[in-house]
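**Q** The sequence isn't on hand, but the structure is:
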């Protein structure tokens, strides 16, 4: 019995590590992240407004739409548009699929969010550039999901705060800021063109 329990524990650990590696690939995929960002911002348009929504569409969503892939739990890589179309087929009937843009970005957001909660605390810390020496050792190898669903209220609160803080306090604002900066850079180029080409030439 002890041997069986040990084998099961090792198997669970290997499965968790495999899920974590897949999650890291999806989480760090820029195209997938950009589609997820578009979903989160569009869902919160009252908070971000039309200018932010438009900037994310122009500089994050559109450049990423055609090339967004993700790694499935089986370890295989799929194009998110193709995957969404296949999943939308009626009873698996060939060519019966139909999917909207909103459906595609919602799928991307779901994959990205599932990837985030599968990461260990040390993965998130590394992504944020926070040294591990600043994090209690007993938390480092725990996934965000483990913390957020813990029976221990303190750990549960920590996991939920980490999840919400990363998504709403860092990932989305950072992405929106980058998109707005790109908007400003394009506007600057337009103004340079006006100034250089729009002024009358000296006789």
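**A** Yes, it's here. Quick caveat: nothing in here was measured; it's all calculated off a predicted structure.

**Q** which residues of the protein score low on pLDDT?
**A** Scanning the chain for pLDDT under 70 picks out 1-9, 198-203.

**Q** Run through the helices of it in chain order.
**A** 2-27, 30-43, 45-56, 62-65, 80-87, 101-118, 121-128, 137-140, 144-148, 153-166, 172-198 (DSSP state H).

**Q** tell me what the last one is packed against?
**A** Contact analysis of helix 172-198 by 3 or more Cβ pairs under 8 Å, 6 or more residues apart in numbering; DSSP states H and E lists helix 30-43, helix 45-56 as its packing neighbours. Yep, even glycine has a C-beta here, placed from its N, CA and C like the rest.

**Q** sorry, back to before: residue 71 is nearest to which of the helices of the chain?
**A** helix 2-27 (4.8 Å; Cβ to Cβ).

**Q** can you tell which of the helices of the chain is closest to residue 73?
**A** Of all those, helix 2-27 comes closest under Cβ to Cβ, at 6.6 Å.

**Q** so which of the helices and strands packed on helix 172-198 is the most packed in?
**A** Most buried of the helices and strands packed on helix 172-198, by mean neighbour count (mean count of other Cβ atoms under 10 Å): helix 30-43, with a mean of 22.

**Q** and residue 129, how many neighbours does it have?
**A** Number of residues near residue 129 (other Cβ atoms under 10 Å) recorded here: 6.

**Q** just to revisit the earlier point, tabulate the helices and strands packed on helix 172-198 in TSV, adding columns for distance to residue 16.
**A** Shown next, in TSV, are those (distance: least, Cβ to Cβ, whole Å):
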stretch	distance to residue 16
helix 30-43	22
helix 45-56	33
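
**Q** So which of the helices of the chain is the most surrounded?
**A** helix 30-43 (a mean of 22).

**Q** tilt between it and helix 45-56?
**A** Per axes from the mean of the first three to the mean of the last three Cα atoms, to 10 degrees, the angle that helix 30-43 makes with helix 45-56 is 140 degrees.

**Q** how far off helix 80-87 does helix 30-43 point, in degrees?
**A** Relative orientation of helix 30-43 versus helix 80-87 (the same axes, to 10 degrees): 70 degrees.

**Q** Please enumerate residues in contact with helix 30-43?
**A** 26-27, 48, 52-53, 56-57, 60-61, 63-65, 67-70, 80, 102, 104-106, 108-109, 111-113, 167, 171-172, 175-176 (Cβ atoms under 8 Å, 6 or more residues apart in numbering).

**Q** export the helices of the chain to TSV and tack on distance to residue 93?
**A** Formatted as TSV, the helices of the chain follow (distance: least, Cβ to Cβ, whole Å):
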stretch	distance to residue 93
helix 2-27	29
helix 30-43	27
helix 45-56	35
helix 62-65	26
helix 80-87	11
helix 101-118	18
helix 121-128	40
helix 137-140	48
helix 144-148	35
helix 153-166	38
helix 172-198	37
